[in-house]
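>>> kindly return the folded structure for what I paste below:
(2 chains)
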Amino acid sequence: MADPRRAQILAVTYPAIAWAVHFVVLYAAASAVCAPRLMLPLAPFWAIAGGVTVLALAVAAIPLFFTRRGDPDLALAAWWSSLISCLAIGSSILPVPFFTSCGA
Amino acid sequence: MTDATSYPEPRRAPAPDHPGAEKGEDRSFEEIWDQPPGWRVLSSVSHRVVGKRFLVTGFVFFLIAGFLALLVRTQLIVPGNTFLDQETYNQVFTMHGSVMMFLFAIPMLGGFAIYLIPMMLGARDLIFPRMGAFGYWCYLAGGVIVLSSFLFDAAPDGGWFMYPPLSTKEYTEGWSADFWLIGITFAEIASVATAVELITAILCARAPGMSLTKMPIFAWYVLVTAFMIAVGFPPLIIGSILLEVERTLGLPFFDPALGGDPLLWQHLFWLFGHPEVYIIFLPAAGIVATILPTFVGKPLFGYGFVVAAVVSMGFISFGLWAHHMFATGLPVLSLSLFSAASTIVTIPTGIQIFAFIATLAQNRPRLEVPMLFVLGFLFIFVIGGLTGVMLAAVAFNWQAHDSYFVVAHLHYVLIGGMVFPMFAGLYYWMPHFTGYRLSERVGRWVFWLMFGGFNLAFFFMHITGLRGMPRRIATYPEGIGWDRLNMLSTIGSYILAAGIVLFVIDVLRHRRPENRVGPNPWGAPTLEWTYAPVAPGFNFHAIPEIRSREPLWDQPELSREGADIPGMLRGATHGRRETVGCDPITGAPLQVVRLPHPTWVPMVAALGLTILFCGILTSIYWACPVGLAIFLAAVATWIWEPSDSGVSIDAGLGHTLPVGLVSRRSHLNLATQGTLLVMWALWASLLFGVLYLWNIKPDFADRAGDAAHLPALLGGVAGVAMAIVGWATDRAAQAGRRGPVSIGSLATALLAVAAAAGLGLALWEQVDPWRTAFGATLWTMAAFVGVQLAAILYWALLNGVRQVAGQIAPGRTLPVLLLATYAKGIGVMTAATAILFLAQTWVEI
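Sure, this is the predicted structure:
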């Protein structure tokens, strides 16, 4: 049987990776909307931002509910990593609905 | 479990039972670990020697940069001062920032990590000692190059961030910017090499039983920091290469007239620059988290909280880079993202600070000098953090941008967050370095002078900044409310400097009998204090089993005399330097790792690179191939030693372990993956440049010309094939199948040539790198991948020659496994580059 600590180490890191992916997608989408090439209008940006936020939160929140087995210190670390990452994802998306243009 | 005291302890090695053990069969355990005498100590690769070199050199750079800061403050002491002329002032503040950030802060903390990590984790040395030594010589050479600019009256004067267009040939003629770009890039190679070494050492060389959660917290801090360096330094390395190529060859990466953009430099610089603040802060916070429990007498509160905070911070700190660019006209929609990340990073920071305060609350701390500096850190860093939150708000940032408010903020963060912990660490570990402690009485003077002087110098800068004084001005008119504040700041800086001078005097005179210390002078819980200072060169006579995170508090057997401590590889007598390699997660012993003896090879390799870089700097281009040849020859010598894989050894405590494990979990394979991580980060930085220019300057990107389809396609296919062959060779190597392994190596080399040819031909007649910045960036990407493919070819050839020469015995497949791992990563990178070339012609919007 696999050592549960391997899964726990993943659980410490993947919420933060979910934040990173979310951040990169939002930055790329904002650049696609606002840079001179004008690849996207604003409406699809909101759809992309909403979709990726739901996905990222779903992934990042997993350790909040499933980390109790194994090393207690790693369980605590995974839970807090998950909480911090969910807050970070939330804070990234929070200002977006207030924009009706790029604001430049 | 076998009691280690039952193990015999032969002093002389038996006849070698394996090839490769050719370095000291007739020497005792102690002799094998001895340092070379006299001037030959320069060939030492021991982590303790290399770590001390980093610490001493870094501190010397700190003193030099501090002296430059005093020149700046003296110039600003009164309005209208003529102590320094404008040009000299620009040089002085540029060199102050550059030396502090690149040559002092990171190498100094790297020195602590290199010195301490093996001893804290129960290893006899770092896992790649030659890499550490190579990094040090690169760092020293880079630092000397940067500082030697003063001798040629060519000191850089464009600010520590070297923004174009000011730093381009048009506005900065001569060599000054070249000194900066080449010297700093060279020093960064040292940091990246050290990062890969530390990642591997922490994951693969711990004492038996030391799982990741039994590691001292300092190791977590260093591990996360090392990953951040591996990912965070490449953007600046790429940016520096692009700017140097623009200055040397005229490729227009940052020239708006040809589709370049100066903001691309700012993005690349701050993609490195902001994580760097955390790269500096985290190991320093690790020092605090190590010292606090010792003086409180209780374990660190909330180990799990801190691990979560450090890992989260390692990621989130990469989302902050553009908060240095709030005033550059980026769309506010984008700024909101960076503002959010800049605000949210306070949560993991706050968790750490609360964990430190909670640790303090558990017991009354002993207020000795290291503890005073820890308290100073808490006070100053929290203030710096609060002004950081203010600057994270876009509206406030616009008001305070480039003012002395920012100068005050960054010094509160960096001096509070790094210099005070560093002094705490120097006072705490000085007995370990020298066997003598520093004076407690003088130390209190040092602390109060530094603490008082610092706050006098920098607190008032907040007000000076809010009153509108901009950064980097050489003088100012009187009577606009800045005069007294600047006077106070300058007096404060002199007091701060007096504290540091007092510290230096104390260090120079501290080796006196009354300062001699016994075992574990502070009553610390961590493993580096197992032996009485100064600990023997082998660190551990036997590598003990670890059952606690505070082993010296919880494992009484570790307080015995050093030679009586039970453990693995007890007085190992195999004629080689050895330590135990472990499973990265559980810490279970996996293998015996053979470590190198003293050698000149790292110094020669660094010398080759120095000649190469100096050739570029001085435009003496014939020196470049000479330097490269020396470097490649040194690398070949480095690798040229018998492979020990396939041998097994009785390692003690009931373990019979292989030497040089052929597995994906081996330290060599992990280091190869770490190197790939750096290479991918470099490639991603170039990709950022390509996409940025394509998006920002669409007209020029469309004018750059299209890559030829067929060669690009063939190059991509060769890359995919190389990855597949690498995967198959990897499996064959792990199964020990000789035939497929040899064929796989040959195929890898041929495919590398084909892939390089495909990518080169795709651009050869189609894309002119001098015509547009976009085309230049595509060419740079192709050249970068080409260098990787050339490295694979060289590696495969070396492996083949080693096999023919009998250095790799039949059936020993570890060298091929490593090449296969690297080839897989670079094969995918080649394919991705080819796809980008093809997509450039297909995507039309």
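
>>> quick check, pLDDT for B:G736.
Here, the pLDDT recorded for B:G736 equals 71.

>>> for it, what are phi and psi?
Phi and psi for B:G736, reported as degrees, to the nearest 10, are phi 70, psi 30.

>>> any idea how many residues pack against it?
13 (other CB atoms under 10 Å in any protein chain shown). From N, CA and C alone the C-beta is placed, and that goes for glycine too.

>>> shouldn't it be in contact with B:L814?
No: B:G736 lies out of contact with B:L814 (CB atoms under 8 Å); the separation is 10.2 Å.

>>> low-confidence ranges in the chain?
By default, I'm working from chain A. Chain A contains residues with pLDDT under 70 at A:1, A:67-68, A:104.

>>> chain B was what I was after
In chain B, residues with pLDDT under 70: B:1-26, B:562-563, B:572-573, B:643, B:645, B:810-811, B:843-845.

>>> longest helix of it?
Identified as the longest helix of chain B according to DSSP state H is helix B:262-296.

>>> just checking, next helix/strand downstream of it?
helix B:303-316 (DSSP states H and E).

>>> before we move on, the earlier item: need the overlap of contacts for B:G736 and B:L814.
Common neighbours of B:G736 and B:L814, using CB atoms under 8 Å, 6 or more residues apart in numbering or on different chains, are B:V662.

>>> just the element for the residue sitting nearest the centre point of chain A, please.
Of all residues in chain A, the one closest to the mean position by CA atoms, centre = their mean is A:W19, 3.1 Å from it. Taking DSSP H and E as the criterion, the element that holds A:W19 is helix A:4-34.

>>> give the helix, strand or coil label for B:S663.
The assignment at B:S663 comes out as coil when based on DSSP: H, G, I helix; E, B strand; the rest coil.

>>> re the thing from before, which of the residues in the following helix or strand past the helix holding A:W19 are buried?
Of the helices and strands lying after helix A:4-34 in sequence (DSSP H and E), the nearest is helix A:42-60. For helix A:42-60, a neighbour-count test (16 or more other CB atoms under 10 Å in any protein chain shown) marks A:45, A:48-49, A:52-53, A:56-57, A:59-60 as buried.

>>> what angle sits between helix A:42-60 and helix A:4-34?
Comparing the axes of helix A:42-60 and helix A:4-34 via axes from the mean of the first three to the mean of the last three CA atoms, to 10 degrees yields an angle of 170 degrees.

>>> tell me what helix A:42-60 is packed against?
Helix A:42-60 sits against helix A:4-34, helix A:72-93, with contacts defined as 3 or more CB pairs under 8 Å, 6 or more residues apart in numbering or on different chains; DSSP states H and E.

>>> I would like the residues contacting that helix, please.
Helix A:42-60 has contacts (CB under 8 Å, 6+ apart) with A:14-15, A:18-19, A:21-22, A:25-26, A:29-30, A:32-33, A:82, A:85-86, A:89-90, A:92-93, A:96-97, A:99-102.

>>> and stretch B:544-555, by the same measure?
By CB under 8 Å, 6+ apart, the residues outside stretch B:544-555 that reach it are B:1, B:122, B:206-210, B:213-216, B:293, B:299, B:303, B:520, B:524-527, B:529-530, B:557-559, B:565-568, B:587, B:653.

>>> how about 6 Å then?
For stretch B:544-555, contacts defined as CB atoms under 6 Å, 6 or more residues apart in numbering or on different chains pick out B:207-210, B:214, B:299, B:525, B:527, B:558, B:565, B:567.

>>> just stretch B:740-751 next, same as before
Against stretch B:740-751 from outside (CB under 6 Å, 6+ apart): B:718, B:721-722, B:725, B:729, B:732-733, B:793, B:796, B:813, B:816, B:823.

>>> list the buried residues in it.
B:740-742, B:744-745, B:747-751.

>>> show me the residues you listed that map onto strands.
Among those, no member falls in strands (DSSP state E).

>>> just the ones in helices from the residues you listed, please.
Going by DSSP H, the helices hold B:740-742, B:744-745, B:747-751 from the buried residues of stretch B:740-751.

>>> ok, and the closest non-adjacent residue to B:Y115?
B:G51 (2.8 Å; CB to CB, 6 or more residues apart in numbering or on different chains).

>>> so who does the one you found touch?
With CB under 6 Å, 6+ apart, B:G51 has these contacts: B:111, B:114-115.

>>> nearest to chain A among those?
B:I114 (24.5 Å; CB to the nearest CB).

>>> helix, strand or coil for the closest residue to chain A within the stretch 451-600 of chain B?
Residue of the stretch 451-600 of chain B nearest chain A, by CB to the nearest CB: B:I585 (5.3 Å). What three-state DSSP gives for B:I585 is coil.

>>> that one: neighbour count?
Using other CB under 10 Å, B:I585 is surrounded by 19 other residues.

>>> B:A636 now?
15.

>>> quick one on the thing from earlier: show me which pair in the contacts of stretch B:544-555 is furthest apart.
Spanning the widest gap among the contacts of stretch B:544-555 are B:P299 and B:G567, at 23.1 Å by CB to CB.

>>> so if I had to pick from the two, which one is more boxed in?
B:G567 (23 against 18).

>>> need the nearest residue in space to that one, chain neighbours excluded.
Nearest residue to B:G567 in three dimensions, chain neighbours excluded: B:A542, at 3.3 Å (CB to CB, 6+ apart).

>>> surely the one you found meets B:G571?
No: the criterion here is CB atoms under 6 Å, and B:A542 misses it with B:G571 at 7.1 Å.

>>> higher neighbour count, these two?
B:A542 (24 against 17).

>>> what residues does chain A put near chain B?
A:3, A:5-6, A:12, A:16, A:20, A:23, A:26-27, A:30-31, A:34-37, A:39, A:71, A:73-74, A:76-77, A:80-81, A:84, A:88, A:91-92, A:95, A:99, A:102-104 (CB under 6 Å from any CB of the partner chain).

>>> what about the residue sitting nearest the centre point of chain B, which helix or strand?
With distances taken as CA atoms, centre = their mean, the residue of chain B nearest its centroid is B:S191 (3.2 Å). Assessed by DSSP H and E, B:S191 sits inside helix B:176-204.

>>> tell me the angle of that helix relative to helix B:262-296?
Angle of helix B:176-204 versus helix B:262-296, following the same axes, to 10 degrees, is 40 degrees.

>>> does helix B:176-204 reach chain A?
No: using CB under 6 Å from any CB, helix B:176-204 stays clear of chain A, with a minimum separation of 10.7 Å.

>>> sorry, back to before: and the residue nearest to the centre of chain A, how close does it get to B:L333?
Taking CB to CB, to the nearest Å as the measure, A:W19 falls 19 Å from B:L333.

>>> what of B:W180?
Using CB to CB, we find B:W180 at a distance of 34 Å from B:L333.

>>> more neighbours: which of the two?
The residue with more neighbours, out of B:W180 and B:L333, is B:W180; 30 against 24, by other CB under 10 Å.

>>> ok, now which ones touch the more buried one?
B:156, B:162 are the contacts of B:W180 under CB under 6 Å, 6+ apart.

>>> can you name the element that comes right after the helix holding B:S191?
Per DSSP H and E, the first helix or strand lying C-terminal to helix B:176-204 is helix B:217-249.

>>> got the angle for that following helix vs helix B:262-296?
Using the same axes, to 10 degrees: helix B:217-249 against helix B:262-296 is 160 degrees.

>>> list the buried residues in helix B:217-249.
B:217-247.

>>> next: stretch B:394-413.
B:394, B:397, B:400-401, B:403-413.

>>> just to revisit the earlier point, neighbour-wise, which of the contacts of stretch B:544-555 leads?
B:M210 (29 neighbours).

>>> surely that one is in contact with B:A588?
No: taking contact to mean CB under 6 Å, the distance of 9.7 Å between B:M210 and B:A588 leaves them out of contact.
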